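# Next one to model:
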Amino acid sequence: MTQNTKSARVKFFLIITVMFTTLVIGISVLQAKEKTSKEIDKVIVTGSIYLGPVCSVVTYPTTESCADKPFETTIYFVSSDGQLRKSATSNRKGIYEVRLSADTYTITNHSIPPNPGEITTESYPILKTRGPITFDSKKTTRLDILFDSGIR
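Here you go, the predicted model:
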């Protein structure tokens with residue numbers, strides 16, 4: 001084997017090594033960016049859902065027997081573009097948690113939100129906390145939600 005052939009092979013292997021290393025680094029950077037962008041967009045929204053009033057006459061300060069009660073139900077988060085994005089179901093204690101993308105949402109208790117401007121008749125319990133509510137990225141937000149029981 002001549003000196004030129006050996007030199008050409010060494011250069012070839014060096015070029016292949018550099019290309020492979022560049023490819024591996026590039027893939028690692030893309031994966032890190034993808035992971036970071038997904039993590040940045042996620043917002044944790046947590047809170048309690050209550051139903052009230054539970055007594056026909058509410059006094060202040062409210063007695064424990066007439067305090068709003070934890071409510072087990074499902075709520076839906078509709079994004080600013082009108083798309084149903086997520087739902088969250090509270091447990092027996094009324095506690096819920098959901099992970100959302102940073103955006104502005106309206107909260108509903110209907111899985112199919114009404115069209116804008118559409119007149120709807122609601123029956124009790126009626127969701128009192130609706131929005132629009134903007135959730136910023138990388139934050140955990142506490143949002144307590146009240147449903148009106150209709151008791152008067």
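# Quick one: name whatever helix or strand follows the helix or strand bottoming out on mean pLDDT in the chain.
When each helix and strand of the chain is scored by mean pLDDT, DSSP states H and E, helix 3-41 comes last, with a mean of 64. Per DSSP states H and E, the first helix or strand lying C-terminal to helix 3-41 is strand 42-52.
# And that next one, what's buried?
The neighbour-count criterion (16 or more other CB atoms under 10 Å) identifies 43, 45, 47-52 as the buried residues of strand 42-52. In this view, the C-beta of every residue, glycine as well, is placed from N, C-alpha and C.
# Now do it: everything it contacts.
The contact list for strand 42-52 (CB atoms under 8 Å, 6 or more residues apart in numbering) reads 67-73, 75, 77, 88, 90, 93-102, 125, 135-149.
# related to what we said a few turns ago, between the buried residues of strand 42-52, which sits nearest residue 81?
When the buried residues of strand 42-52 are ranked by distance to residue 81 (CB to CB), residue 43 comes first, at 16.6 Å.
# how much space is there between the nearest residue to the closest one once chain neighbours are set aside and residue 110?
For residue 43, ignoring the flanking residues on the chain, the nearest one in space by CB to CB, 6 or more residues apart in numbering is residue 135 at 4.3 Å. Distance of residue 135 to residue 110, given as CB to CB, to the nearest Å: 20 Å.
# Comparing these two, which shows the higher neighbour count?
Between residue 135 and residue 110, counted using other CB atoms under 10 Å, the more crowded position is residue 135 (21 against 14).
# so who does residue 87 touch?
74-77, 98, 111.
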